[in-house]
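*Asks:* kindly return the folded structure for what I paste below:
(chains A, B, C and D)
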2 protein chains.
Amino acid sequence: MERPLRADAERSVRAIIEAAERVLATDQGASVEQIAEAAGLTRTTVHRRFSSRQAIIDALAVSAKQELAEAIAAARTEQSPALVALHRVTEYVLRTKGRWKFTLGNPLADTSAAHEIWAEINAATLGLLARAKSEGLIAQEADLEWVRQVYYALLHEAIAKPADSPEVGPDYVALATLVTDTLLHGAGPQ
Amino acid sequence: MERPLRADAERSVRAIIEAAERVLATDQGASVEQIAEAAGLTRTTVHRRFSSRQAIIDALAVSAKQELAEAIAAARTEQSPALVALHRVTEYVLRTKGRWKFTLGNPLADTSAAHEIWAEINAATLGLLARAKSEGLIAQEADLEWVRQVYYALLHEAIAKPADSPEVGPDYVALATLVTDTLLHGAGPQ
DNA sequence: GCTAACCGTTACTGCACTGTAGCAGTTCTT
DNA sequence: AAGAACTGCTACAGTGCAGTAACGGTTAGC
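*Replies:* Numbers count the residues shown, from 1 in each chain, chains lettered A, B, ... in the order given. Next comes the predicted model:
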């Protein structure tokens, strides 16, 4: 029963979501007005597209997690051995995570709407880790829940890490190598 | 030139800080009134002890980081080989971090007042890691800044990890082993 | 080109929170 | 026991923000 939005309205929605991501990344408590300004719109227009401030957060969560799920799917982890699959999915995830610093890795943005997507992502990750274990990459005694937790944390830290060459943007391939290496071997020699 | 507080006032200050830690741990944006209620006081009394809401946060940061610095000092890391020192300091830090879930590991609570304490802690950690490297625990090629970042993240995750036996409280020794093992060897076999 | 949807502007309401003040009763200190 | 410090209570001013409404001008879609 939902009329499709007009093209300009659609653009506004995009602009709001992207601006919200940028603004909230540096200030979680930012007002709707700050978001509107960053989007090049007025506050009233924002309220026309999103009935409440929380609605913006929800939309943000859905967008980000959807994009994340797509990135994971695009990595096609089932079609390669666990090591390369892990490396590849890490790279893809880092790319999208770089664009959603606020929403992802911020429990505040966990809403019911995005919960099922998140569960799906979680299951996929656990599945890949289980395969990694069966292929001998991960110790048999390892607690996979803990490994997943550490993996997520490493992804987060990799994004937070200051880039080696500030001008050219982060080298996601190198970061993916760093994350997987650290996850599997830690900081110790070998 | 500061008159010492009366005993009851001193107790109020304590109660406020502890309550603030509890309340803010679950809701970063909690109001002064919520904090007051949790402390068993009224809002006006809170404002008598802390001129502004930010002043509470500052006091929180100082308290927590001071306690953290003491915990690190108590570990006496210089007096044992790096591996046992790392294990020991990890255990101590986890204990205090468990009591300051909000303040520590929340950049929001980083204020100028606690900055120097934090710098000191940071330096001590880096020093220990450098020694660990010189003793062969950490790979020569490793980026110590990255290792420190990962170490902090692991501490954070260890605190967030659901306890194995919920009733008896977390087993900090086991957690310390988990953290150091993961830091040095990752999730892989060996 | 006509219509409907969209946006900016202005203005208003309502709410929640911060910070302050005065007073009366209680608790510490000596 | 007396005075000072402290707390609870009530009340108030000020602020910032969310959300709503109406109007005139602009833009997209058929």
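*Asks:* near DNA strand C at all, the longest helix anywhere in chain A?
*Replies:* Determined from DSSP state H, the single longest helix within chain A is helix A:53-74. No: Helix A:53-74 lies out of reach of DNA strand C by CB under 7 Å from any atom of the strand, never closer than 11.7 Å. (C-beta placed from N, C-alpha, C; glycine too.)
*Asks:* ok, is that helix in contact with chain B or not?
*Replies:* No: contact of helix A:53-74 with chain B is not found when judged by CB under 8 Å from any CB of the partner chain; the minimum separation is 12.3 Å.
*Asks:* show me which residues of the helix or strand harbouring residue A:17 are buried.
*Replies:* Using DSSP states H and E, residue A:17 sits in helix A:7-26. Across helix A:7-26, burial judged by 16 or more other CB atoms under 10 Å in any protein chain shown covers A:12-13, A:15-17, A:19-24.
*Asks:* and that helix, what does it pack onto?
*Replies:* Judged by 3 or more CB pairs under 8 Å, 6 or more residues apart in numbering or on different chains; DSSP states H and E, the packing partners of helix A:7-26 are helix A:32-38, helix A:43-49, helix A:53-74.
*Asks:* as CSV, the ones you listed with mean neighbour count and mean pLDDT would be great.
*Replies:* Converted to CSV, the helices and strands packed on helix A:7-26 look like this (neighbours: other CB atoms under 10 Å in any protein chain shown; pLDDT from 0 to 100):
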stretch, mean neighbour count, mean pLDDT
helix A:32-38, 18, 98
helix A:43-49, 16, 98
helix A:53-74, 18, 95
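*Asks:* show me the shaky parts of chain A.
*Replies:* Applying pLDDT under 70 to chain A picks out residues A:1-2, A:108.
*Asks:* the residue nearest to residue A:165 when sequence neighbours are not counted: what's it in contact with?
*Replies:* Of all residues not flanking residue A:165 in the chain, residue A:171 sits nearest, at 7.7 Å (CB to CB, 6 or more residues apart in numbering or on different chains). Contacts for residue A:171 (CB atoms under 8 Å, 6 or more residues apart in numbering or on different chains) come out as A:163-165.
*Asks:* what's the burial count for residue A:76?
*Replies:* Neighbours of residue A:76 under the rule other CB atoms under 10 Å in any protein chain shown: 12.
*Asks:* return the backbone torsion pair for it.
*Replies:* Dihedral angles of residue A:76 (phi, psi; degrees, to the nearest 10) stand at phi 50, psi 60.
*Asks:* tell me the SS of residue A:101?
*Replies:* coil (DSSP: H, G, I helix; E, B strand; the rest coil).
*Asks:* and it, how far is that from residue A:74?
*Replies:* 20 Å (CB to CB, to the nearest Å).
*Asks:* same question, residue A:127
*Replies:* Remark: distance between residue A:127 and residue A:74 (CB to CB) = 16 Å.
*Asks:* over to residue A:49?
*Replies:* 29 Å.
*Asks:* which residues touch the most centrally placed residue in chain A?
*Replies:* With distances taken as CA atoms, centre = their mean, residue A:97 lies nearest the centre of chain A, 3.7 Å away. Contacts for residue A:97 (CB under 8 Å, 6+ apart) come out as A:68, A:104-105, A:155-156, A:159.
*Asks:* one more time with 10 Å
*Replies:* A:64, A:67-68, A:71, A:90, A:103-105, A:155-156, A:158-159, A:172 (CB atoms under 10 Å, 6 or more residues apart in numbering or on different chains).
*Asks:* ok, and for the helix or strand containing it, which residues are buried?
*Replies:* Applying DSSP H and E as the criterion places residue A:97 in helix A:82-99. Residues of helix A:82-99 classed as buried by neighbour count (16+ other CB under 10 Å): A:82, A:85-94, A:96-97.
*Asks:* in a markdown table: these, plus distance to residue B:147.
*Replies:* As requested, the buried residues of helix A:82-99 are exported to a markdown table (distance: CB to CB, whole Å):
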| residue | distance to residue B:147 |
| --- | --- |
| A:82 | 25 |
| A:85 | 26 |
| A:86 | 21 |
| A:87 | 20 |
| A:88 | 25 |
| A:89 | 24 |
| A:90 | 19 |
| A:91 | 22 |
| A:92 | 25 |
| A:93 | 22 |
| A:94 | 19 |
| A:96 | 26 |
| A:97 | 21 |
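*Asks:* filter the buried residues of helix A:7-26 down to the ones near DNA strand C?
*Replies:* Among the buried residues of helix A:7-26, the residues lying close to DNA strand C (CB under 7 Å from any atom of the strand) are residue A:12.
*Asks:* and of the buried residues of helix A:7-26, the nearest to residue A:56?
*Replies:* residue A:20 (5.2 Å; CB to CB).
*Asks:* these two touch, right, the closest one and residue A:57?
*Replies:* Yes: using CB atoms under 10 Å, residue A:20 is in contact with residue A:57, at 7.8 Å.
*Asks:* list the residues that contact both of those two?
*Replies:* By CB under 10 Å, 6+ apart, the residues touching both residue A:20 and residue A:57 are A:50, A:102-103.
*Asks:* skipping adjacent residues, who's closest to the residue in chain A that chain B sits nearest to in space?
*Replies:* Closest residue of chain A to chain B, CB to the nearest CB: residue A:186 (3.7 Å). Using CB to CB, 6+ apart and skipping the chain neighbours, the partner closest in space to residue A:186 is residue B:186 (3.7 Å).
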